[in-house]
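Asks: One predicted model, sequence on top.
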Amino acid sequence: MPKNPNGGGATPPDLSPASTDADAAAPMESSNPGGGRRAGGASAGSSAGSTPSASSSDTRAADAAASGDGAPQTNGRADSTGRNVGARKKQFVIAPRAAPEGLQALGFQPLQFSALEQALRSSSDIEVVDKVGPKSVLGALADGMGGGQGVLVARMTEQKAATLHQQGQGRLLVERDHPLNLLDVSLRQPAMVTGVTPTDAGGPVFNAVISVVGKDGAPQANAEVSLFGSMLPASGVTDASGQVTLSLFGETRDTIRGLYVKPKSDYWSFYQRDPDISSDEANVVALRALSEWPALNGFPRQRCLGWGQKAMRLDQLPGSYRGQGVKLAIIDSGAATTHDNLHNIRAGFDVINKQTNPNGWDQDMLGHGTHCAGVIAAADIASGIRGFAPEAEVHACKLFPGGQVSQLIDALEYCIDKQIDVVNLSLGGAEVSEALEQQIIRARRAGIACIVAAGNSGGPVQYPASSPNVLAVAAIGKLDEFPTDSYHAQTLDNNVDAYGYFTAKFSCFGPQVGVCAPGVAITSCVPPNNFAAWDGTSMAAPHVTGLAALCLAHHPDFQTPQYKTRGPERVERLFQIIRASARRVSLGDQSHTGFGLPDVLLAVGLNTTAPQPQQMMMHMMAAPAYDPFALGVMPYYRPPLQYAPLAW
């Protein structure tokens, strides 16, 4: 890219798709105060360094592009009334690409991003909808890698985006602003269910009334109910009387393969394979209350710790270890501060509504962020649950529903500005984003540790958990921690160790997994002031985030000048300690569990002595015989080690 004679690095690319190599340095389209529109390089008054105008045909093509990239793309049919369906403008993230280390010293010229922004805003067919940038001088100087220039979010056609990317000559990132997903486990349909739809309207229809009741026969409203046959399933939500009517087309009573009920709160889910369903009378499903489970006896009137927290030995931690002085951020669906256990959350940022209601972070219509917040930092009061770090300073960044990559970049910018120590990301996307990766690197260099859920597709680790700059967390479960007729039982796989720990069937896997954590039947807070047991790597990541807060607040290393100072070395040391504290679980492939399940006592530096093999043997001999080959775990046992790639 030619240099700007006036200084300031490289000139911005021309937006005209008809531009050639000869006129790639021409300025972008700008407004003409005298009326009409001037294409870059095609009229008098062009800035210094512009090239002669292109041919008349190129000029006409540029004018067509400036007014909408020519004729709209349609399906080719014009013989019907109405409006043809074509491609719409899409939202893109536009950012200067950070120079690889060492290239700036070799003359790598950074893009003059301010000039590009001005040109984009003056273009008639590009709508700049947002700019994400440093919120303070601290943010602008967070990393020293040029990220302080910001990120633009713009709507344009794919053709215009491709042209812009090409003319950026490697110095400009132009990416689709992909949607993000909360990593909550979706119901897996029984085997052999297909997407075939009956075509004969006169075929069989199976109608069933499902009545969902709770304790003492109380009807349960707003429960999700799904009925599966051999073709498309039927789903609905119970009404105030606890009933819902479902219709399966092309099915009979004998082809029904599964019934699933997910209550709104306070009860265990229900799943019955090959259920005996009647079409002549209501089919009653009686749910079990969470408090009826032995481990939750007296809950929520009496405070308790979840099985996952006990598995990580939080119950053995001295009461003074509460995460004091550490700042946490939960980038999710918000946090319902109406909950008795979450009154201690007093700060946040509504990213998706930042123009209209930036303080709406305390409204959580999905409950997902509230559930994560409970595991991490629920207040230590007489009722409900207690989180890992009840005295940490928690910030709730609301990104859902509807979160996109650009908004996650904005949320991380908030974290940089507020000097957050640990960020919980129970989310993921289908595509890797270089613009987001640059922001994650900025956050890490600013001293922010990102703990990310690995994903729930049962396949390779999703992004951003697959980033080398975060700590990815997979999910495990434990036998006898949920009713056998709940849907939690469907997450069980064949890799069960001597203590009943198993790798969750839904959890993503791969070499990027750093550690695993409890992610099956995790009981935590949901709005407005209730509790629910959910599954997912979304539930596993908060266990490690809470542990990270305790580690930063109480491990001796982080009281020394070397690691007390914010920076990437501090983040890496935190990840090392967490991985070193982990113990191996399950006999399965370690790509599903990483270094294993972290231990709270080891992570805070209270217990630095690993169990001896003889002690392991005694524990295993006394352990329940979940696995007939329980002693086979011995060859796999290793004491905690300092981090070394591919140590397993």
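Replies: Received, thanks.

Asks: Any stretches of the stretch 151-300 of the chain with poor pLDDT?
Replies: 186-202 (pLDDT under 70).

Asks: sec struct for Val174, please.
Replies: strand (DSSP: H, G, I helix; E, B strand; the rest coil).

Asks: what bridges to it?
Replies: Ile94 (DSSP bridges).

Asks: doesn't Arg97 make contact with it?
Replies: No: under the criterion of C-beta atoms under 8 Å, Val174 is not in contact with Arg97, lying 10.0 Å apart. No exception for glycine: its C-beta is placed from N, CA and C like everyone else's.

Asks: list residues touching both of the two?
Replies: Shared contacts of Val174 and Arg97 (C-beta atoms under 8 Å, 6 or more residues apart in numbering): Gly168.

Asks: Could you check which of the two is surrounded by more residues?
Replies: Remark: of Val174 and Arg97, Val174 carries more neighbours, 23 against 17, as counted by other C-beta atoms under 10 Å.

Asks: hey, where'd the helices end up in the stretch 351-500 of the chain?
Replies: 368-377, 405-417, 434-445 (DSSP state H, counting those that start in this stretch).

Asks: what's the spacing between the longest one and its chain's center?
Replies: Remark: helix 405-417 is offset 13 Å from the chain centroid, using C-alpha atoms, centre = their mean, to the nearest Å.

Asks: about what we covered before: pick the most deeply packed of the helices of the stretch 351-500 of the chain.
Replies: Stretch with highest mean neighbour count among these: helix 368-377 (a mean of 30; mean count of other C-beta atoms under 10 Å).

Asks: What helices and strands are in contact with that helix?
Replies: Secondary structure elements in contact with helix 368-377, counted by 3 or more C-beta pairs under 8 Å, 6 or more residues apart in numbering; DSSP states H and E, are strand 327-332, strand 393-398, strand 522-526, helix 537-554.

Asks: again, 6 Å this time
Replies: strand 327-332, strand 522-526, helix 537-554 (3 or more C-beta pairs under 6 Å, 6 or more residues apart in numbering; DSSP states H and E).

Asks: Residues touching the helix or strand just after the last one, excluding its own?
Replies: This means helix 537-554. Going down the chain from helix 537-554, the next helix or strand is helix 561-564, by DSSP states H and E. For helix 561-564, the external contacting residues (C-beta atoms under 6 Å, 6 or more residues apart in numbering) are Asp557, Phe558, Arg570, Arg573.

Asks: if I've got this straight, the third one is in a helix?
Replies: Okay, so that is Arg570. Yes: the assignment for Arg570 by three-state DSSP puts it in a helix.

Asks: Tell me how far it lies from Tyr563.
Replies: If you measure Arg570 against Tyr563 using C-beta to C-beta, to the nearest Å, the figure is 5 Å.

Asks: Just want the most central residue of the chain.
Replies: Nearest residue to the geometric centre of the chain (C-alpha atoms, centre = their mean): Leu427, 0.8 Å.

Asks: Contacts only, for that one.
Replies: Residues near Leu427 by C-beta under 6 Å, 6+ apart: Leu180, Leu182.

Asks: Start the count at 15 instead of 1 going forward.
Replies: Okay, residue one is now 15; in that scheme the one you just asked about reads as Leu441.

Asks: Run through the bridge partners of it.
Replies: Going by DSSP bridges, Leu441 is paired in beta bridges with Leu196.

Asks: How many neighbouring residues does Asn483 have?
Replies: Residues near Asn483, counting by other C-beta under 10 Å: 19.

Asks: what's near enough to touch it?
Replies: Ile454, Ile455, Arg458.

Asks: what separates the nearest residue to the second one once chain neighbours are set aside from Glu583, distance-wise?
Replies: Pointing back at Ile455 there. Of all residues not flanking Ile455 in the chain, Asn483 sits nearest, at 5.7 Å (C-beta to C-beta, 6 or more residues apart in numbering). According to C-beta to C-beta, Asn483 and Glu583 sit 13 Å apart.

Asks: for Ala300, same thing?
Replies: 56 Å.

Asks: repeat for Leu601
Replies: 36 Å.
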